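I need the structure of the sequence given here:
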Amino acid sequence: MDHHTYTTLVSALEVDATVNPGTFRSKVILISSAAYVVLFGMLIAMALLIYFGIQHAHSAHRTTTLIRIGLFTLVMVPAFFVVLRMFFMRLPAPQGRALTRDEAPRLFGVLDKMRRQLQGPPIHHVLIDEQFNAAISQRPRWGLFGGHTNYLMLGLPYMLSMSPKEMLATVAHEYGHVCGNHGKLSAWVYRQRRTFGALYEQISDSSEDNWVHGGMARMLDKFMPYYNAHTFVLSRQDEYDADRTATDLVGARANASGLIRGELLGRWIHQEFWPTLFRQANAAAKPAFMPFSAMRTAFKASYPQWATKENLALAWSAKSDLHDTHPALRDRVEATGEDATLPACIEVCAAEALLGGRTRTLIDEFDRDWWEKEKKGWQARYQHVTRSTTRLQQLRRMPQSEMKLADLQEYAMLSAEFEPPEAAKTVLEHLLRQPGGPFPRAELEYGRLLLAEQNDLGLTHLATVVKADRQLGEQAARTGYAYLLRHQGEQQAQQWWDGVVPDQDD
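Next comes the predicted model:
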């Protein structure tokens, strides 16, 4: 199913879900159940083939018939167990630092109270991770047969940024997905969407391993787009229901404020905090500050940067799309009955309120783990920048007209990486005028610099890269596609892609 057909199907289903919500939910349950029927049907059919093959072999008297049936059985029995094993497929456990009740009694007390109020299932594991997010995951103990273990994942950066009430609203939203507040059948579909998605991904990845996986992959290729379209629409409805759970439990203002803070601060962390931190590797062998230790102060100090009317207007203008079951910020906030209001700068964060003295311990642990993971790459970057800038200074002192071609290429690439755009463009333009080309890396960097100025001539240079270098060609094509998608829309981007990227069948 192509993207246009899928989009049209989802749009029609959204109308159906609004006009006839009860009928639509029944349809989704039926489709979800059909997936079980298909898989069980395949298993039963294989079992029957094996059974009748053995029975026929038992009654046969001809040697050739016995050999054929024996070979058939030898093929079918392993295939049967391949399919059977998929029914008991175990998803990988979520990763994070396990938090015990003794370490955070206040947090667990809040979770116990929430469970009593919502009459939901137990949360078996609470994990703290490094994401600016919070989520809940149900890991099936017995594959498609259920027996779910519930994991609550709380990002330490998220807890350091949110007020206690905002954090509780987020947790209530996540818990609302599994407590059945919007219907046990919908909660079941919510879980199965994740389970079947993981199953489909695993089968697709192993489709070339054997003929059973290949056959199942082809069958699921036909089924999954329809399954995903129906469950996507229901899952988006369930996001609104989970938001209502949070509003009922904590209040509309706290819920809306948390949604807005998460959107604005999340963008700032991704676009400013982490890039600023990693830029230190250009000048120092070790960061001046460790990230998690700095976050609380950085969030407060940067409040005037991210909590602006301009940033809120930009986030408010985003539309809900098909890439995320979560509705856009505006849709979610307006559903609570609140309006676009900047969140206040908080004095006490959720981590301090819910984790108490354990907050400092966790921050130190996460900083140590982060540095252990990043140390090698950080120091490699520092050494690369040190060597490269020294070499760049040497090349600057050489007249370009007297440079060997290899030196000029090196100078152009170092300029593109370390010098201002105008200076880099001058060197790249000089290189691209030289005989002995093509110079695909230089063309790629020059094209990028032009597109950064919104100069469409950069697309011509990227197209040259696609023709000249297979390895860099995909990177160049994706750069051009992303530029056109952002500035001229999907149709123009796809048209350009089709014009420069060769057909794989050619």
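
average pLDDT for stretch 460-475, rounded please.
Average pLDDT, stretch 460-475: 92.

residues making contact with it?
Under the criterion CB atoms under 8 Å, 6 or more residues apart in numbering, residues 438, 440-441, 443-444, 446-447, 450-451, 476-477, 479-480, 499-502 lie in contact with stretch 460-475. Yep, even glycine has a C-beta here, placed from its N, CA and C like the rest.

just the buried residues of it, please?
For stretch 460-475, burial by neighbour count (16 or more other CB atoms under 10 Å) applies to 461-466, 468-469, 472-473, 475.

if we can go back for a sec, now, of the contacts of stretch 460-475, which are buried?
Buried among the contacts of stretch 460-475 by 16+ other CB under 10 Å: 440-441, 443-444, 446-447, 450-451, 476-477, 479-480, 500-501.

circling back: for the buried residues of stretch 460-475, which one is nearest residue 26?
Distances from residue 26 to the buried residues of stretch 460-475, taken as CB to CB, are shortest for residue 475 (46.9 Å).

tell me the secondary structure of the closest one, please.
With DSSP: H, G, I helix; E, B strand; the rest coil as the basis, residue 475 sits in helix.

tell me how far it lies from residue 283.
Residue 475 sits 28 Å away from residue 283, going by CB to CB, to the nearest Å.

and the helices in the stretch 1-150 of the chain?
3-19, 21-59, 63-87, 105-118 (DSSP state H, counting those that start in this stretch).

which stretch in the ones you listed is the model least sure about?
Per-segment mean pLDDT for the helices of the stretch 1-150 of the chain reaches its minimum on helix 63-87, at a mean of 61.

still on that earlier bit, inside strands: which ones of the contacts of stretch 460-475?
Using DSSP state E, no member of these sits in strands.

and residue 284, that's in a helix?
No. Counting by three-state DSSP, residue 284 is not found in a helix; it is coil.

count of neighbours near residue 330?
Applying other CB atoms under 10 Å, we find 19 residues neighbouring residue 330.

use 6 as the first number for this chain going forward.
Happy to do that; since the first residue is 6 now, the last one works out to residue 335.

that one contacts residue 318, doesn't it?
No. Using CB atoms under 8 Å, residue 335 is not in contact with residue 318, being 10.4 Å away.

shared neighbours of these two, anything?
residue 345.

picking up where we left off before, rebuild the buried residues of stretch 465-480 as TSV, extending it with secondary structure and distance to residue 99.
What follows is those, written out as TSV (DSSP: H, G, I helix; E, B strand; the rest coil; distance: CB to CB, whole Å):
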residue	secondary structure	distance to residue 99
466	helix	44
467	helix	39
468	helix	43
469	helix	45
470	helix	40
471	helix	40
473	helix	44
474	coil	40
477	helix	37
478	helix	37
480	helix	32
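
just these now: which is nearest residue 312?
Comparing the buried residues of stretch 465-480 against residue 312 with CB to CB picks out residue 480 as the nearest, at 35.9 Å.

skipping its backbone neighbours, what lies nearest residue 421 in space?
Nearest residue to residue 421, sequence neighbours excluded (CB to CB, 6 or more residues apart in numbering): residue 450, at 4.0 Å.

tell me, what's the model's pLDDT at the one you found?
Note for residue 450: predicted pLDDT of 95.

what's opposite the residue nearest to residue 142 when sequence neighbours are not counted in the beta bridge?
Among residues not flanking residue 142 along the chain, residue 156 sits closest, at 4.6 Å (CB to CB, 6+ apart). Beta-bridge partners recorded for residue 156 (DSSP bridges): residue 130, residue 142.

how many residues are close by residue 156?
For residue 156, the neighbour count with other CB under 10 Å is 20.

in this structure it contacts residue 100, no?
No. Under the criterion of CB under 8 Å, residue 156 makes no contact with residue 100, lying 9.8 Å away.

give me the common contacts of those two.
Shared contacts of residue 156 and residue 100, defined by CB under 8 Å, 6+ apart, are found at residue 132.

ok, back up a step: what would the buried residues of stretch 465-480 look like in a markdown table with distance to residue 348?
Listed next are those as a markdown table, based on distance: CB to CB, whole Å:
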| residue | distance to residue 348 |
| --- | --- |
| 466 | 44 |
| 467 | 41 |
| 468 | 45 |
| 469 | 48 |
| 470 | 44 |
| 471 | 45 |
| 473 | 50 |
| 474 | 48 |
| 477 | 44 |
| 478 | 45 |
| 480 | 39 |
